[in-house]
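> next comes the sequence, and after it the predicted model I'd like to discuss.
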Amino acid sequence: MQMLLYCSMYRGSPFERDRDIEMILDSASRNNKQHQLTGVLLYDEGAFIQLLEGQKSDVDALMSIIKQDTRHKKIRIIFYEEIRVREFEDWSMKYFDCGKANRLSAESLERFRAIYLNNFKVSSEHALKFIKHMVQEPI
């Protein structure tokens, strides 16, 4: 079992953003269940951050598709490592728009953006804590 976290920038028009994200989520919902992939897609002001979990061959196949998807540019793998247990086993693809979030301060979002923009290495543990905090269900 593998876990992959990547970042990319949205290439499309701001006028088509919502439609494009809806299409990505529809495709993920349909295809990820079939290939037993799970994960989270975060979007923030033109940047995607996506965590994927699944068998190596399935994760690799999906990344090949994403790399050819014209809605993505500047794709960077943050980490890709073996895991024993899924962190997001109930989600074929959870979506979270960081721009609409109240859970984290602007400082926290800026820190994560800096990791992406400066291509700093981030530990999988740190990234998981950030993502889990972002997508936690409201009480």
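Thanks, I have it. Just so it is clear, the model here is predicted, and its values are computed rather than measured.
> please count neighbours and contacts with C-alpha atoms only from this point.
Noted.
> where do the helices of the protein begin and end?
17-34, 56-68, 106-118, 124-135 (DSSP state H).
> which of these has the lowest mean pLDDT?
Within the helices of the chain, confidence is poorest for helix 106-118, with a mean of 60 (mean pLDDT).
> in the sheet, who's paired with the residue nearest the centre of the chain?
Computing the C-alpha centroid of the chain and ranking residues by C-alpha atoms, centre = their mean puts residue 50 first, at 1.0 Å. Note on residue 50: beta-bridge partners by DSSP bridges are residue 6, residue 41.
> ok, it - contacts?
Residue 50 makes contact with 5, 6, 7, 39, 40, 41, 42, according to C-alpha atoms under 8 Å, 6 or more residues apart in numbering.
> and residue 81, by the same measure?
2, 3, 4.
> strands - which of the residues you listed land there?
2, 3, 4 (DSSP state E).
> Serialize those to JSON lines and add fields for neighbour count and pLDDT.
Below are the ones in strands among the contacts of residue 81 laid out as JSON lines (neighbours: other C-alpha atoms under 10 Å; pLDDT from 0 to 100):
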{"residue": "2", "neighbour count": "20", "pLDDT": "95"}
{"residue": "3", "neighbour count": "24", "pLDDT": "93"}
{"residue": "4", "neighbour count": "22", "pLDDT": "93"}
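> from the contacts of residue 50, which is closest to residue 24?
Of all those, residue 41 has the smallest distance to residue 24: 9.7 Å, by C-alpha to C-alpha.
> just checking, that closest one touches residue 51?
Yes - contact criterion C-alpha atoms under 8 Å: residue 41 and residue 51 qualify, at 6.6 Å.
> kindly reformat the contacts of residue 50 as CSV containing distance to residue 83.
Converted to CSV, these look like this (distance: C-alpha to C-alpha, whole Å):
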residue, distance to residue 83
5, 13
6, 16
7, 20
39, 13
40, 16
41, 19
42, 21
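> quick one: the residues you listed as JSON lines, columns for pLDDT too.
Converted to JSON lines, those look like this (pLDDT from 0 to 100):
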{"residue": "5", "pLDDT": "90"}
{"residue": "6", "pLDDT": "90"}
{"residue": "7", "pLDDT": "88"}
{"residue": "39", "pLDDT": "89"}
{"residue": "40", "pLDDT": "88"}
{"residue": "41", "pLDDT": "89"}
{"residue": "42", "pLDDT": "86"}
